[in-house]
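S.K.: Got a predicted structure here, sequence first:
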Amino acid sequence: MDMWLKVIYDMSANMILPTTAAFAIAAIGLNVHFGFTGLLNMGQAGFMLIGAYGFAVSTIMGFPFWAATLVTIGAGVLFALLLGIPTLKLRGDYLAIVTIAAAEIVRMVGRASVLNSVTGGSNGLPGETYRNTFSALSPFPDGQTTILWFTFDNTGVNGWFIRIVAWSLVVIFAILVWLLMRSPWGRVIKGIREDEDAVRSLGKNVFAFKMQSLIIGGVLGAIGGMFYVLPTSVQPDALGRNMTFLIWTAMLLGGAATIWGPVLGSILFFALRIFIQGTVDIIVPDAILNTQQTEQFSWIMVGVALMLLVIFRPQGILGDKKELNFNV
Amino acid sequence: MSNATQKTATEARAELKSVPHTPGAPKPDAILVVDNIVRDFGGNRAVDVDHVEVQRGVITALIGPNGAGKTTFFNLITGFDQPSSAKKVFGGPSADKAAKWSFNGKLLGNTSAASVAKSGMVRTFQLTKALSRLTVMQNMLLGAKDQRGESFLAAFVKPLWAAQEKANIEKAEDLLKRFKLYEKKDDLAGSLSGGQKKLLEMARALMSDPVMIMLDEPMAGVNPALTQSLLGHIQSLRDEGTTVLFVEHDMHMVRHISDWVVVMAEGRVVAEGPADTVMSDQAVIDAYLGAHHDTDLGDDSLLEEGAMDAPKKEKK
Ligand SMILES: Nc1ncnc2c1ncn2[C@@H]1O[C@H](COP(=O)(O)OP(=O)(O)OP(=O)(O)O)[C@@H](O)[C@H]1O
Ligand SMILES: [Mg+2]
């Protein structure tokens, strides 16, 4: 019985991790790109990594917290401009190819040994080197607090402070996206997703709208990256193609083009994986699958779940079935 | 816009009386002037128009057999395609041979499709482009121009655009009623029938109060009763000062509402003139009917089944 309780505890603890929130922020950004604008961004992890480097490197160089945050945002904007200017005039698939390639370039450059002194090369940057400006903002006293069955430090690495900030940002960003998408601006964006030539024929500057969307989603990716590394460390390989794939999974799971879909998807995604891993760990004897193997097995099951999802509920959990009846 | 409102549609049409019935004839008050526009697809010259003018404030029909280059011509002047004869930095045609076209006194050569539409020349597509996963109403609202809520920062603050939005919704409802789509306003556009999508696209184009509207086969797939009422609507648009240029294969419709007809064949303008004259023109008959020379395109028997007698009254 204890083992099941532990699975449930692990699931709930994973749901509220700051990295889950960071992941959700990046997924909200990807949803602006893909779900609302129809931009195939296959390099969201690249935006996260560039945001993470932006924050960590500038902090290590001595920037105060807010300045480093601005660097993060600026890096996201710049990366979006760099990718968008040559590709947004072309058809959708080109952006997919360019974003994959660009994300890989960021990762490769980040782990290159020539940059060891700046980015830490393939070892990355340890969290202690850039975390303190953020922790210093905490209004909470030292010590631990227990809420429900969770006991964490108030301010520590994975403490309540970063959890509260990160999840508040998730809510704020979701609401901002909602505000945008109900406006005429959002209408143009969704029109572009459906048929950009039609929108062009109505006198809208499609390129400018797509660029704005790419920037917004990219900045959300960069901020997601910053909060992903605050409680951990900057590891270029942790923010590679895998990460992009997982964000896509979470977004599709929750429902693309919905406001809360990416958030719900991110939470469920981590809970689901822990659940599979925990269950298999309990049910299947160690002789057949040991603990390390169950983890691998759980990732395989995540892949299977994604396939089942796309086949049986392509609109995701929160998506509207009606909209799928006429997919061009 | 200014001229169109000052001069009545009747006057604009009367001016056409003095225009010679030759391809490329100059118009007394041309809103669109096109020169040397050529478009090659590989070895196939789809459009090769030396000169053509469209009179302001009237309904001009652009007709021609399949593959004549009508749609390509539309694409070229609305910025959806670039002429092969465009001016280039290096090489390209000499200045007097380069493609050049102006709308409402403004040169459009290098203008993007969006700015062409913004300058008042709004088009529809032969293959409809309904925005499937938006509702009919959202489709309509997209058509409205100069929306404050379309700028990124203003979008967050609803009070900045709520009033304008409300006015646009009212206007859209009016148009939807006229196009018999009002009951469908909250349905997704993807769920409309083919003909309804055509109607939606036309109504959406009208949301921007265009100076000139260009319709590519607007009535293809629309039932006769509704066609009748829409023809009436197009005529009232003209009477309110909008210039109309449309492509159509249905000769009844062409006869019924057009004040002027331009005929294209194999990329060239082969004839121009009022509907009656043009349809008995030998070049047109050749282009359309090939070997069947004995059939007259303007044959009245073609007209009898359609209950469209209004144009005869108007034309004399
Ligand atoms: N994108 C393209 N690539 C190659 N050839 C094209 C392209 N678009 C049009 N064409 C060619 O250009 C010619 C003119 O085509 P266009 O669509 O303008 O004809 P149209 O007059 O609109 O005909 P319809 O009445 O059938 O609509 C055709 O021969 C067509 O094959
Ligand atoms: Mg055509």
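M.R.: Perfect, thanks for sending it. Ligands and ions are numbered 1, 2, ... in the order given.
S.K.: List the buried residues in stretch B:239-251.
M.R.: Neighbour counts using 16 or more other C-beta atoms under 10 Å in any protein chain shown place B:241-248, B:250-251 of stretch B:239-251 among the buried residues. Placement of C-beta: from N, CA and C, glycine included.
S.K.: CSV please, covering the residues you listed and showing pLDDT and distance to ligand 1.
M.R.: Listed next are the buried residues of stretch B:239-251 as CSV, based on pLDDT from 0 to 100; distance: C-beta to the nearest ligand atom, whole Å:
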residue, pLDDT, distance to ligand 1
B:Gly241, 89, 28
B:Thr242, 92, 23
B:Thr243, 93, 20
B:Val244, 94, 17
B:Leu245, 94, 13
B:Phe246, 93, 12
B:Val247, 93, 7
B:Glu248, 90, 9
B:Asp250, 84, 12
B:Met251, 82, 13
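S.K.: out of those, which are inside strands?
M.R.: Those of the buried residues of stretch B:239-251 mapping onto strands are B:243-247, per DSSP state E.
S.K.: Switch those residues over to a markdown table; also include distance to ligand 2.
M.R.: Rendered in a markdown table, the data for those read as follows (distance: C-beta to the ion, whole Å):
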| residue | distance to ligand 2 |
| --- | --- |
| B:Thr243 | 20 |
| B:Val244 | 17 |
| B:Leu245 | 13 |
| B:Phe246 | 11 |
| B:Val247 | 6 |
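S.K.: Could you single out the nearest of these to A:Phe207?
M.R.: Checking those against A:Phe207 by C-beta to C-beta gives B:Leu245 as the nearest, at 26.8 Å.
S.K.: Next, the contact list for that closest one, please.
M.R.: By C-beta atoms under 8 Å, 6 or more residues apart in numbering or on different chains, the residues touching B:Leu245 are B:32, B:54, B:59-62, B:212-215.
S.K.: Which single one of the residues you listed is nearest to A:Ile282?
M.R.: The shortest separation between A:Ile282 and any of these is 67.7 Å, and it belongs to B:Leu215 (by C-beta to C-beta).
S.K.: Run a quick neighbour tally on B:Asn36.
M.R.: Using other C-beta atoms under 10 Å in any protein chain shown, B:Asn36 is surrounded by 18 other residues.
S.K.: From the contacts of B:Leu245, which land in strands?
M.R.: Filtering the contacts of B:Leu245 for membership in strands, criterion DSSP E, returns B:32, B:54, B:59-62, B:212-215.
S.K.: how about the helices in chain B?
M.R.: Read by DSSP state H, chain B holds these helices, from start to end of the chain: B:2-6, B:9-16, B:70-77, B:113-118, B:136-143, B:152-155, B:158-178, B:194-206, B:224-239, B:251-257, B:275-279, B:282-289, B:300-304, B:310-315.
S.K.: A:Phe294 touches A:Val284, doesn't it?
M.R.: In this structure residue A:294 is Thr, not Phe. Yes. If you go by C-beta atoms under 8 Å, A:Thr294 and A:Val284 touch, sitting 7.1 Å apart.
S.K.: more crowded one of those two?
M.R.: Looking at A:Thr294 and A:Val284 with other C-beta under 10 Å, you find the greater number of neighbours at A:Thr294, namely 21 against 14.
S.K.: beta partners of B:Arg268?
M.R.: When assigned by DSSP bridges, B:Arg268 has beta-bridge partners B:Ala265.
S.K.: need the contact list for it.
M.R.: If a contact means C-beta under 8 Å, 6+ apart, then B:Arg268 has B:23, B:48-50 as its contacts.
S.K.: what residues does chain B put near ligand 1?
M.R.: Within chain B, the residues that sit near ligand 1 (C-beta under 6 Å from any ligand atom) are B:41, B:44, B:46, B:64, B:66-72, B:126.
S.K.: can you give me the strands in chain A?
M.R.: In order along the chain, chain A carries the following strands (DSSP E): A:144-147, A:150-153.
S.K.: TSV please, covering those strands and showing mean neighbour count.
M.R.: Output for these, formatted as TSV (neighbours: other C-beta atoms under 10 Å in any protein chain shown):
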stretch	mean neighbour count
strand A:144-147	10
strand A:150-153	15
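S.K.: Any chance of TSV for those, columns mean pLDDT and distance to chain B?
M.R.: Compiled in TSV, the strands of chain A are given as follows (pLDDT from 0 to 100; distance: least, C-beta to the nearest C-beta, whole Å):
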stretch	mean pLDDT	distance to chain B
strand A:144-147	84	33
strand A:150-153	84	34
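S.K.: Helices of the stretch 151-300 of chain A, residue ranges please.
M.R.: Remark: helices assigned in the stretch 151-300 of chain A by DSSP state H, counting those that start in this stretch are A:160-181, A:184-194, A:196-201, A:206-229, A:241-254, A:261-283, A:291-312.
S.K.: can I get those in TSV with mean pLDDT?
M.R.: Conversion of those to TSV gives the following (pLDDT from 0 to 100):
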stretch	mean pLDDT
helix A:160-181	95
helix A:184-194	95
helix A:196-201	94
helix A:206-229	96
helix A:241-254	91
helix A:261-283	89
helix A:291-312	84
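S.K.: ok, for A:Val98, nearest residue in space, not its chain neighbours?
M.R.: Counting by C-beta to C-beta, 6 or more residues apart in numbering or on different chains, A:Thr87 is the residue found nearest to A:Val98 once chain neighbours are left out, at 4.9 Å.
S.K.: That neighbour contacts A:Ala96, doesn't it?
M.R.: No. With contact defined as C-beta under 8 Å, A:Thr87 and A:Ala96 do not form a contacting pair (9.2 Å).
S.K.: These two: which has the busier surroundings?
M.R.: Using other C-beta under 10 Å, the more surrounded residue of A:Thr87 and A:Ala96 is A:Thr87, with 21 against 16.
S.K.: so how far is ligand 1 from A:Pro64?
M.R.: When distance is defined by C-beta to the nearest ligand atom, to the nearest Å, A:Pro64 is 56 Å away from ligand 1.
S.K.: what about that residue, neighbour count?
M.R.: A:Pro64 has 11 neighbours, counted by other C-beta under 10 Å.
S.K.: Just to check, it is in contact with A:Thr133?
M.R.: Yes. The pair A:Pro64 and A:Thr133 passes the contact test of C-beta under 8 Å, sitting 6.2 Å apart.
S.K.: domains for chain B, by residue range?
M.R.: As assigned by automatic domain parsing, chain B contains the domains B:3-130+B:209-315, B:132-191.
S.K.: Of all the ones you listed, which one is nearest A:Trp178?
M.R.: Using C-beta to C-beta as the criterion, the shortest distance between A:Trp178 and the domains of chain B is 10.3 Å, found for domain B:132-191.
S.K.: Pick out the residue of chain A closest to ligand 1.
M.R.: A:Asp197 (13.0 Å; C-beta to the nearest ligand atom).
S.K.: Identify the residues contacting that residue.
M.R.: Listed by C-beta under 8 Å, 6+ apart, the contact set of A:Asp197 reads B:80, B:113, B:125, B:129.
S.K.: Can you list the residue ranges for helices in the stretch 1-150 of chain A?
M.R.: With DSSP H, counting those that start in this stretch applied, the stretch 1-150 of chain A shows helices at A:2-15, A:18-30, A:44-60, A:65-87, A:92-111, A:116-119, A:128-135, listed in chain order.
S.K.: OK, contacts around A:Phe140?
M.R.: When the contact criterion is C-beta under 8 Å, 6+ apart, the partners of A:Phe140 are A:154-155, A:160-161.
S.K.: whoops, B:Gly143 was the one
M.R.: Listed by C-beta under 8 Å, 6+ apart, the contact partners of B:Gly143 are A:202, B:172, B:203-208.
S.K.: ok, now how distant is it from A:Ile162?
M.R.: Here the criterion is C-beta to C-beta, to the nearest Å. By it, B:Gly143 lies 47 Å from A:Ile162.
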